[in-house]
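Visitor: generate coordinates for the sequence data below:
(one chain, ligands or ions: 1)
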Amino acid sequence: MSHGHRRPIVAGNWKMNGTQEQAVTITRDLLKGFHATPQIEVVLFPPFTVLQKVGELLRASSISLGAQNIHWESKGAFTGEISAAMLKELGCKVAIVGHSERRQFFGETDATVRKRLKATLEAGLNGILCVGETLQQRQQGKTWEIIETQLQAALEGIEPLTAKAQLIVAYEPVWAIGTGQNATSVQAQEVHEKIRRWLAGRFGQAAADAIRIQYGGSVKAENAAELMAQPDVDGALVGGASLEPKGFLSIIESTVQTKEAGCSTHSS
Ligand code: PGA
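Guide: Okay, here's the model as predicted:
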């Protein structure tokens, strides 16, 4: 399948890492080595406490700012939560929804994932919907069943591509997150292709061809090119390696180069 029309997206999810000082250092180092090109979209997801600071540093660049989580209500008595309006005020353009760590440790369910995603897109923010199976589920041969359930529940009643916001899907096998053990490019492509086929059945082929599907789970400089060479892998959601500007820059560069090479092969 041609992927020339999908702009790859590389995202850096800092998780619960980054004091003010560390955030400034990482962002400055990243900006020093970053060469903006229209061939790629880069987004950083620092913790809420440094969104403002990182946002200020990114303002003059083409790297955008995103939030690791988002609440579905716009305001009110929801202790510990942050709304789309608040995030937009800080310059956020994207939100991650349903990350496996939220599902595993903070009681996130398919139902709350759907509410968060709906609010995200309706507020005009792009939403990265994370899906993925655990090791046990994979070993039991339930990978696709789990992912299909997650997609179905999260995307119920959702318009994935509108004039103001886009859905992005991140396939993140739970067993590959933070473990150093990435999915092989073949394993990733297999699931990405199924996700795209599912999206086509649900939203039509044109939408499925336009929706970006990122891979996440132990992406690093050493394995990025191989993963990005897969036709249905449209970028990476990077955790640990995004805290190291050099490594993150090299993931960005491999993505640009691999996708450009892929495009010329497709068009020739
Ligand atoms: P990792 O995390 O790159 O540290 O495996 C990926 C993620 O959780 O998005």
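
Visitor: what's the spacing between the residue in the chain positioned nearest to the ligand and Thr120?
Guide: Proximity of the chain to the ligand (CB to the nearest ligand atom) peaks at Gly239, 2.3 Å away. For the C-beta atoms, the positions are set from N, CA and C on the backbone; glycine is no exception. Separation of Gly239 from Thr120 (CB to CB, to the nearest Å): 20 Å.

Visitor: who has more neighbours, those two?
Guide: The residue with more neighbours, out of Gly239 and Thr120, is Thr120; 28 against 23, by other CB atoms under 10 Å.

Visitor: run through the residues that contact that one.
Guide: 70, 84, 95, 97, 126-127, 165 (CB atoms under 8 Å, 6 or more residues apart in numbering).

Visitor: go with 7 Å
Guide: Contact partners of Thr120, counting by CB atoms under 7 Å, 6 or more residues apart in numbering, are 70, 84, 95, 97, 127.

Visitor: and for Gln181?
Guide: Contacts of Gln181 by CB under 7 Å, 6+ apart are 175, 218.

Visitor: and it, what pLDDT?
Guide: Per-residue pLDDT puts Gln181 at 91.

Visitor: likewise Ala36?
Guide: The predicted local confidence for Ala36 is 89.

Visitor: try Ser267
Guide: Looking at Ser267, its pLDDT stands at 46.

Visitor: likewise Ala261?
Guide: pLDDT, Ala261: 89.

Visitor: mind listing what's buried along whatever helix or strand it lives in?
Guide: Assessed by DSSP states H and E, Ala261 sits inside helix 245-267. Residues 245, 247-256, 258-259, 262 are the ones in helix 245-267 that count as buried (16 or more other CB atoms under 10 Å).

Visitor: interface residues of the stretch 1-150 of the chain facing the ligand?
Guide: Residues of the stretch 1-150 of the chain lying close to the ligand (CB under 6 Å from any ligand atom) are Asn13.

Visitor: pLDDT weak spots in the stretch 1-150 of the chain?
Guide: Counting by pLDDT under 70, the low-confidence segments of the stretch 1-150 of the chain come to 1-4.

Visitor: where do the strands sit along it?
Guide: With strands called from DSSP state E, counting those that start in this stretch, the stretch 1-150 of the chain shows them at 9-13, 41-45, 64-67, 92-97, 126-131.

Visitor: adding mean neighbour count and distance to Ala206, write those out as JSON lines.
Guide: What follows is the strands of the stretch 1-150 of the chain, written out as JSON lines (neighbours: other CB atoms under 10 Å; distance: least, CB to CB, whole Å):
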{"stretch": "strand 9-13", "mean neighbour count": "26", "distance to Ala206": "19"}
{"stretch": "strand 41-45", "mean neighbour count": "24", "distance to Ala206": "20"}
{"stretch": "strand 64-67", "mean neighbour count": "22", "distance to Ala206": "25"}
{"stretch": "strand 92-97", "mean neighbour count": "25", "distance to Ala206": "22"}
{"stretch": "strand 126-131", "mean neighbour count": "27", "distance to Ala206": "18"}
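
Visitor: and of the ones you listed, who's closest to Thr19?
Guide: strand 41-45 (15.5 Å; CB to CB).

Visitor: strand partners (parallel or antiparallel) of that closest one?
Guide: Using DSSP bridges, strand 41-45 pairs in its sheet with strand 9-13 (parallel), strand 64-67 (parallel).

Visitor: the first one versus helix 245-267: what angle between them?
Guide: Between the direction of strand 9-13 and that of helix 245-267, the angle (axes from the mean of the first three to the mean of the last three CA atoms, to 10 degrees) works out to 160 degrees.

Visitor: then strand 9-13 to PDB, C-alphas only?
Guide: What follows is strand 9-13, C-alpha atoms only, in PDB (Å, rounded to 0.1, in the frame of the first residue of the first chain):
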ATOM      1  CA  ILE A   9       4.800  11.600  12.900                       C
ATOM      2  CA  VAL A  10       7.400  11.000  15.600                       C
ATOM      3  CA  ALA A  11       6.400  11.700  19.100                       C
ATOM      4  CA  GLY A  12       8.400  11.900  22.300                       C
ATOM      5  CA  ASN A  13       6.500  10.800  25.400                       C
END
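
Visitor: and the helix holding Ala261, is it in reach of the ligand?
Guide: No: on the criterion CB under 6 Å from any ligand atom, helix 245-267 is out of touch with the ligand, staying 9.8 Å away.
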